[in-house]
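K.L.:
With the input below, show me the fold.
(one chain, ligands or ions: 1)
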Amino acid sequence: MSALPALLLVGCGKMGGALLSGWRERGISTAIVVDPAPGAAELAAPGIKITASAQEIPPDFTPAAVILAVKPQAAPQVLPAYGRFAGQAVFISIMAGKTIQSIGQMLGADAAIIRAMPNTPAAVRQGITVAVAGSLVTESQHALADTLLAATGGVAWVTEESLLDPVTAISGGGPAYVFLLTELLEKAALEQGIPPDLARLLARQTIIGSGALLAGSTDDAANLRIAVTSPGGTTEQALAVLRADDAWPKSISAAIDAATKRSQELQG
Ligand SMILES: NC(=O)c1ccc[n+]([C@@H]2O[C@H](COP(=O)([O-])OP(=O)(O)OC[C@H]3O[C@@H](n4cnc5c(N)ncnc54)[C@H](OP(=O)(O)O)[C@@H]3O)[C@@H](O)[C@H]2O)c1
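P.N.:
I've put the predicted structure just below:
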């Protein structure tokens, strides 16, 4: 596997840091990381240079990709300084809600832009990223972006940018729903008189183990559920409550719909 080409990472927080550490495993030749936060220095390694601002990037640096991982609200102040790489590098934005069109307005009309939505399991290489390529992206830039995004887990490509709104609702926010389920299982365990340490252990390990079981199986989730459910047994009682029309089927659809609509409202 050959080392990655020269990279420029703008913003090295939770998500940018996860990407960078995935690329380090893959083999970085040269990378410049721009982030004013001192924590970014922990990621320093041979070939990686950390700088606090775009002004410190050497004028002869020619990255193949510029990865935009700052907060969306910072984009108008931060992005214009990177417009000078338009025409040579592919820009890969992971900023939630920033459209290819709006990013193009900040970088210049000749910027080749890919918009991607990762999720936080990226930190343990178990993420899922959905990406969409703008019209100026070449085949080789598309392939490079696929390699870079795959450093933190799975990658799926779509051709309709509007799909990133429901994607944001499902997989972008999805880890939060699973963590909420963990919290609620722990709370219910406490309510049933299980001691706190055991309640926490049972809730966490049930989520972790179920995820691993799902990961190791090609079976549908529905079949894995049925395998736990004996007719007339305890799980069937719980599922009857959870699967009532006005319970999980309704509330999860409503939650995803609300998040999708919020994502649409935040576009810009
Ligand atoms: N977290 C998620 O679940 C998730 C999921 C999908 C997409 N995203 C997207 O990923 C992006 C990053 O999110 P995050 O959770 O990684 O946020 P984060 O941890 O706050 O990372 C952003 C980083 O950018 C740095 N920064 C601020 N101004 C900068 C500048 N002028 N130049 C370079 N770097 C600068 C910040 O430093 P300071 O801390 O010093 O300000 C911080 O280290 C966001 O656009 C978000 O929408 C996040």
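K.L.:
so the residue of the chain positioned farthest from its centre, which of the three states?
P.N.:
Distance from the C-alpha centroid of the chain peaks at residue 232, with 40.4 Å (Cα atoms, centre = their mean). Local secondary structure at residue 232 is given as coil here, using DSSP: H, G, I helix; E, B strand; the rest coil.
K.L.:
so how far is residue 240 from it?
P.N.:
Per Cβ to Cβ, to the nearest Å, residue 232 is found 11 Å from residue 240. Every residue, glycine included, has its C-beta placed from N, CA and C.
K.L.:
Point out the residues in the stretch 1-150 of the chain that sit beside the ligand.
P.N.:
Listed as neighbours of the ligand in the stretch 1-150 of the chain under the rule Cβ under 6 Å from any ligand atom: 10-16, 34-37, 69-72, 74, 78, 94-96, 117-120.
K.L.:
ok, and for stretch 11-25, which residues are buried?
P.N.:
Of the residues in stretch 11-25, those scored as buried under the neighbour-count criterion (16 or more other Cβ atoms under 10 Å) are 11, 12, 15, 16, 17, 18, 19, 20, 21, 22, 23, 24.
K.L.:
From residue 50, how far out is residue 27?
P.N.:
Applying Cβ to Cβ, the value for residue 27 to residue 50 is 19 Å.
K.L.:
With neighbour numbers in mind, choose between those two.
P.N.:
More neighbours surround residue 50 than the other of residue 27 and residue 50, with 19 against 11 (other Cβ atoms under 10 Å).
K.L.:
How about the chain: which residue is closest to the ligand?
P.N.:
residue 13 (1.9 Å; Cβ to the nearest ligand atom).
K.L.:
residues contacting that residue?
P.N.:
Residues touching residue 13, when contacts are defined by Cβ atoms under 8 Å, 6 or more residues apart in numbering, comprise 35, 37, 69.
K.L.:
And for residue 67?
P.N.:
Residue 67 makes contacts with 7, 8, 9, 10, 16, 19, 91, 92, 93, 94, 148, as judged by Cβ under 8 Å, 6+ apart.
K.L.:
wait, isn't the first one in contact with residue 28?
P.N.:
The reference is to residue 7. Yes. Under the criterion of Cβ atoms under 8 Å, residue 7 makes contact with residue 28 at 6.9 Å.
K.L.:
Can you work out which residues contact both of the two?
P.N.:
With Cβ under 8 Å, 6+ apart as the test, residue 7 and residue 28 reach no residue in common.
K.L.:
These two: which has the busier surroundings?
P.N.:
Between residue 7 and residue 28, counted using other Cβ under 10 Å, residue 7 has the larger neighbour count: 25 against 18.
K.L.:
per-residue pLDDT, the residue nearest the centre of the chain?
P.N.:
For the chain, the residue sitting closest to the mean C-alpha position, by Cα atoms, centre = their mean, is residue 118 at 1.7 Å. The predicted local confidence for residue 118 comes out at a pLDDT of 97.
K.L.:
Look up phi and psi at it.
P.N.:
Residue 118 adopts backbone torsions of phi -90, psi -170, taken as degrees, to the nearest 10.
K.L.:
Show the contacting residues for it.
P.N.:
For residue 118, the contacting residues are 15, 18, 19, 94, 127, 128, 129, 149, 152, 153, 172, by Cβ under 8 Å, 6+ apart.
K.L.:
hmm, try it at 6 Å
P.N.:
Under the criterion of Cβ atoms under 6 Å, 6 or more residues apart in numbering, the contact list for residue 118 reads 94, 127, 129.
K.L.:
With residue 253 as the reference, measure out to it.
P.N.:
For residue 118 relative to residue 253 (Cβ to Cβ), the value is 24 Å.
K.L.:
Thanks again, I'm all set now.
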